[in-house]
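S.K.: Predicted model, plus sequence, below.
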Number of protein chains: 2
Amino acid sequence: MATIRDVAKEAGVSVATVSRVMNGSGYAHEDTKKVVMAAVEKLNYKPNEVARSLYKRKSKLVGLILPDITNPFFPEMARGVEDYLQQFGYRLIFGNSDEKRDKEIEYIDTFLQNNVVGMIASTSEEANENFDNLDIPVVLLDRTAEKLPAVYSDQKTGGKLAARVLLDRGSTNIVLIRGPVEIKPVYERYMAALEELKQAKVNVQVMDSSLTLQGGQTCVKQLFEQYPETDGIIACNDIVAAAALQEILKRGIRIPEDIQLIGYDDISFTALLHPPLSTIRQPAYEMGAQAAEMLIKRINQEKLEVTHKKLPVSFVERQTTRRKAEKT
Amino acid sequence: MATIRDVAKEAGVSVATVSRVMNGSGYAHEDTKKVVMAAVEKLNYKPNEVARSLYKRKSKLVGLILPDITNPFFPEMARGVEDYLQQFGYRLIFGNSDEKRDKEIEYIDTFLQNNVVGMIASTSEEANENFDNLDIPVVLLDRTAEKLPAVYSDQKTGGKLAARVLLDRGSTNIVLIRGPVEIKPVYERYMAALEELKQAKVNVQVMDSSLTLQGGQTCVKQLFEQYPETDGIIACNDIVAAAALQEILKRGIRIPEDIQLIGYDDISFTALLHPPLSTIRQPAYEMGAQAAEMLIKRINQEKLEVTHKKLPVSFVERQTTRRKAEKT
DNA sequence: ATGAAAGCGCTAACAT
DNA sequence: ATGTTAGCGCTTTCAT
């Protein structure tokens, strides 16, 4: 690997000059610029980011912490972040936290040790404090905290909407599947749905599930044993909804005639289920991209007009909910 | 952030001593060790990896290039890689290539500029040469090249197996959906399946599709128009298989009675399809983990007994293929 | 407009 | 057993 000195020698100038022309900082005669660039070209010189980072105390690296890239909701976000940052020459150091505080801390530490310019994270509630005294910008993604800028989606409206959909379409024995209460967005959508449901005069049951496939399957099996009369299910996410759908089909229950089902997230494969799953869509990619945009603004010392960006969710109507009666 | 000098001052020793006890290199009296560690503790000192990296010309960073984290096959691999590397204190710099040569090169360059110790990549055939003259270890994942160590799965057996399954279970009008021919593993499984099919006396048709949802849907719609008598489909991956499944159901064709369908990869949601999809499983997580293991060995200058590790695939029998007749 | 030199935080000779 | 110091590759005053 060629260093700046090699280039300097090749071009017959000092390293300072090379540095100046590389960075477009300070003066440099047109002619010497050319000579230097020629040398750069010839030696295929690429500045060592590590040395640069050491001096400037800032790298071109951004830390990204996500709970679990294996959950299809997060890769969308990750790509949103990456695609946006990539244009500005930033690279991602990445870690899965599994919602575990220890792992989050470990990643935060090592990111810091690598001079990241900023971080984007979906952290568990309790880990927020880990970000408190950093002197680099942090933006939260899909999670929130008072003190930190954040990009997230409108869980309240989402939860409410899910409930409204089933209600408006005539379900009266509804099971609401609640995800892990420690995960705030999941809890919020649950609470919003519950409130909406309670205001209607329908039967409501609550069941717990993890956000995973197995969790969903276990939960859903019990569901039909305990509440065979169920005619509406609101799942905490699409994965659990898919598990529910499978169980429904297995039991020969007609959907959406006998039972309606709605998921949450709109991860890609929901459209591939049969029947295709109705769900509440979170704009995951967009969330990632906007978090990245916000981070870059903060890195560039620009003021943020909005520090908490709440993106809208939407109902994606497919075939596990009934067509709403058109107004006569 | 405390530096090594702060610690040295606090402990009343020189920076060299601090460095020694931090790294367990060279001598250090038990007592001074204690003093130093106390200072480290007190100041919450974490060594600056950038400075360390600059001096050693080696960071604790590993570059990972994957085609698209948004395709559920790859996050599994990524986690396999991450979980394995993480134990040894390595961190991941990550980039999606979208199978584009330009992006691959760009990532390779910046990874190098950041002194990565090694790289793991699923690169397109043509980009392999970009890795040729690096003086850090590289291991290919899901892809192969003669000159580079690689971890991949047995595509030939996989393709053959998929074909065998349909054949043994009685399909006689088979459509083989071929993915992009530029992607070697996808091409290999296709070729292997085709050969197997040709040796049997059945009707075989080939159709092309991308690896995506839309691609699959488009392809599959045509499929039934062109070949309505089809009674067996071998899809290039699970996503396309899911699209096929949906179309089959929509048309009211009975599966597996009237038509059999087999996918490839065994990504997580295949089990959630209805009916659950039979598929050829690639051990994605394991592949990632083994690539990481191999990389670490190379980083540690250990000799590799095997440079090309071919992991076995397996048939996951679910409900889109018929039960094979038991031997009488 | 250009160069010399200090210094970012660390490690590893080398000296003591 | 511990300290002094050069140097990793770069950027940035400060001279000239």
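M.R.: Received the coordinates, thanks.
S.K.: going forward, measure contacts between C-alpha atoms and count neighbours the same way
M.R.: Fine.
S.K.: Please name the bridge partners of A:Val316.
M.R.: A:Thr279 (DSSP bridges).
S.K.: tally of neighbours for it?
M.R.: For A:Val316, the neighbour count with other Cα atoms under 10 Å in any protein chain shown is 17.
S.K.: Might one say that it is in contact with A:Pro283?
M.R.: No - the criterion here is Cα atoms under 8 Å, and A:Val316 misses it with A:Pro283 at 11.7 Å.
S.K.: Quick one: name the residues of chain A near DNA strand D.
M.R.: With Cα under 7 Å from any atom of the strand as the criterion, chain A comes near DNA strand D at residues A:2-5, A:15-17, A:19-20, A:22-23, A:25, A:46-49, A:51-52, A:54-56.
S.K.: so where's chain A uncertain?
M.R.: Filtered on pLDDT under 70, chain A yields the residue ranges A:125-127, A:325-328.
S.K.: Which helix or which strand is home to A:Leu92?
M.R.: According to DSSP states H and E, A:Leu92 maps onto strand A:91-96.
S.K.: Then A:Ile105?
M.R.: helix A:101-113.
S.K.: ok, now how distant is whichever residue of the stretch 101-250 of chain A sits closest to DNA strand C from B:Pro67?
M.R.: Nearest residue of the stretch 101-250 of chain A to DNA strand C (Cα to the nearest atom of the strand) works out as A:Gln113 at 8.4 Å. Distance, A:Gln113 to B:Pro67, by Cα to Cα, to the nearest Å: 28 Å.
S.K.: How about exporting the strand holding A:Leu92 as PDB, limited to the C-alpha atoms?
M.R.: What follows is strand A:91-96, C-alpha atoms only, in PDB (Å, rounded to 0.1, in the frame of the first residue of the first chain):
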ATOM      1  CA  ARG A  91     -19.300   3.000   6.400                       C
ATOM      2  CA  LEU A  92     -21.100   0.900   8.900                       C
ATOM      3  CA  ILE A  93     -19.800  -1.100  11.900                       C
ATOM      4  CA  PHE A  94     -22.600  -3.400  12.800                       C
ATOM      5  CA  GLY A  95     -23.700  -5.400  15.800                       C
ATOM      6  CA  ASN A  96     -26.800  -7.400  16.800                       C
END
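S.K.: do that strand and chain B meet?
M.R.: Yes - residues of strand A:91-96 are located near chain B by Cα under 8 Å from any Cα of the partner chain, namely A:91-95.
S.K.: Can you list the strands that that strand pairs with?
M.R.: strand A:61-66 (parallel), strand B:91-96 (antiparallel).
S.K.: Can you give me the buried ones in the first one?
M.R.: Spelled out, it's strand A:61-66. A:61-66 (16 or more other Cα atoms under 10 Å in any protein chain shown).
S.K.: same deal with stretch A:122-134?
M.R.: Judged by neighbour count (16+ other Cα under 10 Å), stretch A:122-134 contains these buried residues: A:122-124, A:127-128, A:131.
S.K.: ditto for stretch A:6-15
M.R.: Within stretch A:6-15, the residues that qualify as buried by neighbour count (16+ other Cα under 10 Å) are A:6-8, A:10-11, A:15.
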